[in-house]
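S.K.: Let's see this in three dimensions:
(one chain, ligands or ions: 1)
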Amino acid sequence: MASEVLTHNIVARYSEEITKGTIESVHFGEQARLKRSLKVAAVCLLVAGVCLCIPGAHFVLVPLTLLVSPFVIYKTHSQATKILKAEIACPKCHKPLSVLSSQEKYPLFENCGACHREIRIDRAA
Ligand SMILES: [Zn+2]
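M.R.: Residues are numbered from 1 along each chain as shown. Alright, predicted model coming up:
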């Protein structure tokens, strides 16, 4: 399965106050996840190749890049969803709430930029 963009209804909560909104996210299929992780692997090799050209620093940068690469590749492969945008207001101050999380894993916890309260976001039933 390739990737598909889905829109879900979400609810933001702060104690007893609730607002409703929508979230748009990409859901990666197995092929898309493999393709993304191969791209990241290619970028890691490219970075290691560029670091090889830096005299002196290449003794540290190349092994460091090659050590970190498997973790970055694994993290990219395990990312099944990516949030594109969310439209929801803060339940306390009613200003637009920015959702900075990258993965759609509920519950999401976001800090409101206006009132600095921690807001819990769940998928609406
Ligand atoms: Zn707020």
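S.K.: burial measure for the nearest residue to residue 96 once chain neighbours are set aside, as a count.
M.R.: Spatial nearest neighbour of residue 96, chain neighbours left out: residue 89 (6.0 Å); criterion: Cβ to Cβ, 6 or more residues apart in numbering. Using the backbone N, CA and C atoms, a C-beta is placed for each residue, glycine as well. Neighbour count of residue 89, defined by other Cβ atoms under 10 Å: 16.
S.K.: do residue 105 as well
M.R.: If we define neighbours as other Cβ under 10 Å, then residue 105 has 10 of them.
S.K.: For it, list the residues it contacts.
M.R.: By Cβ atoms under 8 Å, 6 or more residues apart in numbering, the contact set of residue 105 is residue 81.
S.K.: Kindly report the same for residue 16.
M.R.: Residue 16 touches nothing, counting by Cβ under 8 Å, 6+ apart.
S.K.: quick one: what helix or strand has the residue nearest to residue 78 when sequence neighbours are not counted in it?
M.R.: Of all residues not flanking residue 78 in the chain, residue 33 sits nearest, at 7.9 Å (Cβ to Cβ, 6+ apart). Following DSSP states H and E, one finds residue 33 within helix 30-52.
S.K.: Can you name the next helix or strand after that helix?
M.R.: Counting by DSSP H and E, the next helix or strand C-terminal to helix 30-52 is helix 58-78.
S.K.: what comes up buried for that next one?
M.R.: Going by neighbour count (16 or more other Cβ atoms under 10 Å), the buried part of helix 58-78 is 61-62, 65, 69, 73, 76-77.
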